[in-house]
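> Quick check, what structure comes out for this input:
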Amino acid sequence: MARDQIDMTPLQSRDELVAWLEAGVKPESEFRIGTEHEKTPFTLEGHHPVPYEGAKGIGALLEGMKLLLGWEPIMERGNIIGLYDVTGGGAISLEPGGQFELSGAPVETVHQTQSELMAHLAQVREVATPLGIGFLGLGMTPSWSRAQIPVMPKGRYKIMRNYMPKVGKYGLDMMFRTCTVQTNLDFSSEADMVKKLRVSLALQPVATALFANSPFTEGKLNGFLSFRSEIWRDTDNARSGMIPFAFEDGMGFERYVDYALDVPMYFVKRGEEYIDVSGSSFRDFFAGKNAAFPGERPTLSDWANHLSTIFPEVRLKRYLEMRGADGVPWGRLPALPAFWVGLLYDNDSLDAAWDIVRHWTAPERQALRDDVPRFGFKSRIKDRYLFEIAKECLILSHAGLRRRGRIDHLGRDESRFLEPLEHIIETGRSPAEEMLEKFNGPWKGSVEPAYQEYAF
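Purely as a prediction, here's the structure:
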C-alpha cells in the first residue's frame, strides 16, 4: 500500500474527485508497469511467524534494509513501518500480519520488473538471512492459526481489525494470512480506461486460476485451489467484487467516483493520528456530515486514502490495479505483469480479448468469479471451460508481447516471462493442483516442505 498521501487541500466539488482520477491519463509513450508483491516472513528455524519487536523481528529487518538501501524510513509513532526510495523508485511496506510488500517503481518493460525483483531479493536476503528470516511465496499462510500471527504497529490496521468482523466472515484472514501479486497499468483516455477495466475484470478469474496457490489452512486441505480468492468473496462486499456497473453504458471516471463516494470509509488521517470513521460514507463526509468532523470537508489526501481502501477485483486509481492473483514464488512473479501487459498494452490483443468477454452477462461473470477459487480451470462460463479461455488469453498475451518488441540485451522479448504460465497450460494443472499432488505424495500429508520448496 502506498504511503498515505499528504495533500491537505479541502475539496469543493465532485468534479475535483473526477479530475483526480482523470489526471492518470497518459500518452502511450509514457505507459509504465508497476508490480507489487507480498511475501510471508517466517523463522527459518521452526517456521513460525516473525514478530515485529526484538533483535530478530520485522522492525530489525526494516532497519537493516534502511541501512543497506539508503531509503527513507516511513515512521509511525516511533516505529519504522516501511521505506521508500526518494529518487522515485519503489517502496517497502508491511501488511497487517507482517507480510513484506515491495511496491515496485513504474518501469517500462517486464525485463526491468525482473531486474528490480532480483535486486530486491538479493537485498532482502542479505538482511533477512542473518536474522534467521525466510519468505514464503504462497497465497496464504499454510500452517498458522490467526491467533499465532503478530500484529504490525500501524494505526489503520487497528481500525480495520475492529471493523472487519462486522462486515464479513474472512476480513481478518485477508488481513493477516494472505499474500498477493498485482500489476498496475496505465490508460491513454477515459475510453481506454473503460475498455481495459472491462476486459481485465472479466478475465481476472483467468489470473486467479493461473496463480491459484493457497490450498492449505492450518496444515490441512481447505477444499480450494485459491482460498485467498475465496476469502475476498466474504471480506467486505461493499468494497470488493466484480463491480458490474463498469460494464453498463455511461461508465467512466464519474461513475467510479459515484461508486467510491458510497463505499464506507475506514479512517481519516490527521497528522500521525488515524481517526476511526468506519462505516460512514465519503459522500456524507463530502457534505460536511461526518460525525467526527462536523462541518469539515475532506481533502484530496482523504480521497486518495479512501480509494486505497476499496478492493474490487480490478481497482481504479490513477492507473488500473489487477488484484486477482495469489502470491507466488519469485520465479513466477514477472509472469503476472507479462500476462496483463501482453493483453492490455497491445491494441490487437486488447480487441481480441474484448471479443472473448463482450457477450458475457453480469450474472455469468459473477458465477465464474464465484467458482474459480474452488474449481480453477474447471470452472465454466456459457459453454466453455475456463481452461480453454486461459489458453486463448495466453496466446493473445504472447502475441501482444511479441508485437511490443521490447528486447533485452540478449535479444529476447518479454514473452519469455510467460513460460511458467505456458507450462501450467501444457500440464493442465494450476500451481495449487501441483502442490496437492506433492502433499498427497512425497510431502506425506505435511505442509512443512512448502517452507523449502516455495520459499524466496
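> where does the stretch 101-250 of the chain have low pLDDT?
For the stretch 101-250 of the chain, no stretch has pLDDT under 70.
> ok, longest strand in this structure?
Ranked by number of residues, the top strand in the chain under DSSP state E is strand 33-43.
> roughly how far is it from the heart of the chain?
10 Å (Cα atoms, centre = their mean, to the nearest Å).
> what about dumping the CA coordinates of it to CSV?
This file holds the C-alpha atoms of strand 33-43, laid out as CSV (Å, rounded to 0.1, in the frame of the first residue of the first chain):
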residue,chain,number,x,y,z
ILE,A,33,4.3,-1.2,-15.5
GLY,A,34,4.1,-1.4,-11.7
THR,A,35,4.3,-4.7,-9.8
GLU,A,36,3.6,-5.2,-6.2
HIS,A,37,4.1,-8.4,-4.4
GLU,A,38,3.7,-9.6,-0.8
LYS,A,39,5.6,-12.5,0.9
THR,A,40,5.1,-14.1,4.3
PRO,A,41,8.2,-13.9,6.6
PHE,A,42,8.8,-17.0,8.7
THR,A,43,11.6,-18.1,11.1
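> Buried residues of the following helix or strand past it, list them for me.
Sequence-wise, the next helix or strand downstream of strand 33-43 (DSSP states H and E) is helix 58-69. Residues Ile58, Gly59, Ala60, Leu61, Leu62, Gly64, Met65, Lys66, Leu69 are the ones in helix 58-69 that count as buried (16 or more other Cβ atoms under 10 Å). Quick note: C-beta positions are derived from backbone N, CA and C, even for glycine.
> Output the contacting helices and strands for helix 58-69.
Where contact means 3 or more Cβ pairs under 8 Å, 6 or more residues apart in numbering; DSSP states H and E, helix 58-69 is packed against strand 79-84, strand 91-94, helix 110-128.
> Return the most buried member of the ones you listed.
Most buried of these, by mean neighbour count (mean count of other Cβ atoms under 10 Å): strand 91-94, with a mean of 23.
> Pull the residues that contact that strand.
Strand 91-94 has contacts (Cβ atoms under 8 Å, 6 or more residues apart in numbering) with 1-3, 58, 62, 65, 71, 74, 81-85, 100-103, 152, 154.
> Equivalent analysis for stretch 344-353, please.
For stretch 344-353, the external contacting residues (Cβ under 8 Å, 6+ apart) are 31, 185, 195-196, 199-200, 203, 342-343, 393, 396-397, 399-401, 403-404.
> Among these, name the ones in helices.
195-196, 199-200, 203, 342-343, 393, 396-397, 399-401, 403-404 (DSSP state H).
> Find the residue closest to Pro27 in space, skipping its chain neighbours.
Ser188 (6.3 Å; Cβ to Cβ, 6 or more residues apart in numbering).
> Among the buried residues of helix 58-69, show me the least confident.
Note: of the buried residues of helix 58-69, the lowest pLDDT belongs to Leu69, at 94.
> from memory that one sits against Val86, does it?
No. In this structure Leu69 lies outside contact range of Val86 using Cβ atoms under 8 Å: 10.7 Å.
> Lys269 belongs to a helix, doesn't it?
No. Applying DSSP: H, G, I helix; E, B strand; the rest coil, one finds Lys269 to be strand, outside a helix.
> Where does the prediction get shaky in the stretch 301-450 of the chain?
Residues of the stretch 301-450 of the chain that meet the cut-off, pLDDT under 70, do not exist.
> ok, back up a step: check which helices and strands the longest strand of the chain sits against.
Counting contacts by 3+ Cβ pairs under 8 Å, 6+ apart, strand 33-43 packs against strand 100-103, helix 110-128, strand 133-136, strand 180-185, helix 335-344.
> Kindly reformat the ones you listed as JSON lines containing distance to Ser446.
Below are the helices and strands packed on strand 33-43 laid out as JSON lines (distance: least, Cβ to Cβ, whole Å):
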{"stretch": "strand 100-103", "distance to Ser446": "25"}
{"stretch": "helix 110-128", "distance to Ser446": "24"}
{"stretch": "strand 133-136", "distance to Ser446": "15"}
{"stretch": "strand 180-185", "distance to Ser446": "25"}
{"stretch": "helix 335-344", "distance to Ser446": "28"}
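> Which one of the ones you listed lies nearest to Gly327?
strand 180-185 (5.5 Å; Cβ to Cβ).
> quick one: contacts of that closest one?
31, 33-38, 106, 139, 196, 211, 228, 319-323, 325-328, 333, 336-337, 339-341, 344-345.
> and if we set it to 7 Å?
By Cβ atoms under 7 Å, 6 or more residues apart in numbering, the residues outside strand 180-185 that reach it are 33-38, 228, 319-323, 325-328, 333, 336-337, 340-341, 344-345.
> Could you do stretch 421-429 as well?
Here stretch 421-429 has contacts from Leu210, Ala335, Phe339, Phe377, Phe387, Ala390, Lys391, Leu394, Ser430, using Cβ under 7 Å, 6+ apart.
> and of those residues, the nearest to Leu307?
Distances from Leu307 to the contacts of stretch 421-429, taken by Cβ to Cβ, are shortest for Phe339, at 24.5 Å.
> What is the neighbour count of that closest one?
30 (other Cβ atoms under 10 Å).
> Quick check, it in contact with Ser397.
Yes. The criterion here is Cβ atoms under 7 Å, and Phe339 meets it with Ser397 at 5.2 Å.
> Find residues that contact each of the two.
Leu418.
> Now for the closest residue to Asp284 other than its chain neighbours, how many residues are close by?
Among residues not flanking Asp284 along the chain, Asn290 sits closest, at 5.9 Å (Cβ to Cβ, 6+ apart). As a burial measure, Asn290 scores 22 neighbours (other Cβ under 10 Å).
> Check Arg32 too.
With other Cβ under 10 Å as criterion, Arg32 counts 16.
> That one - nearest residue in space that isn't next to it in sequence?
Pro106 (3.5 Å).
> Please give me every residue in contact with Asp15.
By Cβ under 7 Å, 6+ apart, Asp15 has no neighbours at all.
> Give me the secondary structure label for it.
From three-state DSSP, the assignment for Asp15 is helix.
> distance of it from Phe100?
39 Å (Cβ to Cβ, to the nearest Å).
> for Phe216, same thing?
For Phe216, the distance to Phe100 - Cβ to Cβ - is 20 Å.
> Also Leu69?
Going from Leu69 to Phe100 by Cβ to Cβ gives 14 Å.
> per-residue confidence averaged over the longest strand of the chain?
Per-residue scores along strand 33-43 average to 98.
> relative to strand 180-185, how tilted is that strand?
Interaxial angle, strand 33-43 versus strand 180-185 (axes from the mean of the first three to the mean of the last three Cα atoms, to 10 degrees): 160 degrees.
> Strand 33-43 versus helix 110-128: what angle between them?
20 degrees.
> Give me the buried positions along strand 33-43.
For strand 33-43, by 16+ other Cβ under 10 Å, it's Ile33, Gly34, Thr35, Glu36, His37, Glu38, Lys39, Thr40, Pro41, Phe42, Thr43.
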